[in-house]
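Asks: Structure for the following, please:
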Amino acid sequence: MTITTVKLQIPFESLLDAIANLPLEEKHQLWQLLNDEISQGEGNLLQEDSYDWGSQGQPKGKPVEYIPGVGLKVVGGKNAPT
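Replies: The predicted model follows:
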């Protein structure tokens, strides 16, 4: 069995219209697929080489943590010491 890959360019508005017309079950399947792709993409970002801050090292600042799907969050809240 041969698998053929075809690349299509679909205008975003057309894609939104097509999604709007999907049955609910297929919307759930699409949501799961997109969620998996986003999680994998965010995981790949975390695995990249660390940033080279140069000879002076990383500048001082508030400690942060990355929360997948949310972004950066200051550890200890906005009043955390630097």
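Asks: quick one: low-confidence parts of the protein?
Replies: By pLDDT under 70, the low-scoring segments of the chain are 46-49, 78, 80-82.
Asks: Could you pick out the longest helix of it?
Replies: Longest helix in the chain by number of residues (criterion: DSSP state H): helix 24-47.
Asks: what does it rub up against?
Replies: For helix 24-47, the external contacting residues (C-beta atoms under 8 Å, 6 or more residues apart in numbering) are 19, 22, 66, 68-69. The way it works is simple: take the backbone N, C-alpha and C, and place the C-beta from them, glycine included.
Asks: right, and the helix or strand after that helix?
Replies: strand 64-67 (DSSP states H and E).
Asks: Packing partners of that next one?
Replies: strand 71-74 (3 or more C-beta pairs under 8 Å, 6 or more residues apart in numbering; DSSP states H and E).
Asks: list the helices and strands the strand it packs on packs on?
Replies: strand 64-67.
Asks: partners of the strand it packs on in the sheet?
Replies: strand 71-74 (antiparallel) (DSSP bridges).
Asks: As PDB, could you dump the C-alpha coordinates of the partner strand?
Replies: Only the C-alpha atoms of strand 71-74 are listed here, as PDB (Å, rounded to 0.1, in the frame of the first residue of the first chain):
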ATOM      1  CA  GLY A  71       3.300  30.500  29.600                       C
ATOM      2  CA  LEU A  72       5.600  32.000  32.200                       C
ATOM      3  CA  LYS A  73       4.600  32.500  35.800                       C
ATOM      4  CA  VAL A  74       6.600  34.400  38.400                       C
END
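Asks: Thanks again, I'm all set now.
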